[in-house]
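# No letters, just coordinates:
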Ligand code: ZN
């Protein structure tokens, strides 16, 4: 498929119906083809012309990107994180199936004995992508780690108290691998 690096705007003239077959994002007006939304022009081998939307394309996750996600599963050696967005590209939704993995060796700079002392279910974490292909994440670094958490017992919000977290409601104390940005808006 041929992809012209030309951005077109709604209403831009693309060609005629004699030259091309109508594809997605294109409309025909008396034999003339126009873009129906903003995007890149794409022409297939069979001369189907389409406009591929620019704004709705999920961002590609790259090595070194910082992502925000939620802990959806905890195993002995890995935390599974459902990635919500890439920092700096928050307005673009990630493909639904993007689940990252934080291995116990990538949690912090140092030995981790029990992953459940570092993360909890539903925690919101900020993590760096260390392997974009396998979606491996790391929370090594002061600004990385848990940025928001709820109490496992009563689901109350946990407030930071020094290096630990304390529940507003039941006064339970929990530990997490905290980001220095804990409790602050991450978006
Ligand atoms: Zn509680």
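Okay, I see it. On a predicted model such as this, the values are computed, not experimentally measured, just so you know.
# Outline the domain layout of the chain.
According to automatic domain parsing, the chain comprises the domains 2-53, 66-147.
# chain center to the longest one, what's the gap?
The one in question is domain 66-147. Computed by C-alpha atoms, centre = their mean, to the nearest Å, the separation of domain 66-147 from the middle of its chain amounts to 11 Å.
# going forward can the numbers begin at 830, since that is how I track them
Noted, 830 is the first residue going forward, which turns the last one into domain 895-976.
# So is it next to the ion?
No - if you take C-beta under 5 Å from the ion as the test, domain 895-976 misses the ion, and the best it gets is 11.6 Å. C-beta here means a position set from N, CA and C on the backbone, and glycine is covered the same way.
# thinking again about what came up before, hey, which of the domains of the chain is tucked in deepest?
Scoring the domains of the chain by mean neighbour count under mean count of other C-beta atoms under 10 Å gives domain 895-976 as the most buried, with a mean of 17.
# Would you mind measuring the gap between the ends of that domain?
13 Å (C-alpha to C-alpha, to the nearest Å).
# quick one: average pLDDT of it?
In this model, domain 895-976 has a mean pLDDT of 92.
# Just give me the residue right at the centre of the chain.
residue 914 (2.7 Å; C-alpha atoms, centre = their mean).
# Who does the residue lying closest to that residue once chain neighbours are set aside form a beta bridge with?
Leaving aside its sequence neighbours, residue 914 sits nearest to residue 897 (C-beta to C-beta, 6 or more residues apart in numbering; 5.3 Å). When bridges are taken as DSSP bridges, the partners of residue 897 come out as residue 914, residue 955.
# was I right about residue 897 contacting residue 916?
Yes - the pair residue 897 and residue 916 passes the contact test of C-beta atoms under 8 Å, sitting 6.7 Å apart.
# Overlap of the contact sets of those two?
By C-beta atoms under 8 Å, 6 or more residues apart in numbering, residue 897 and residue 916 have these common neighbours: residue 955.
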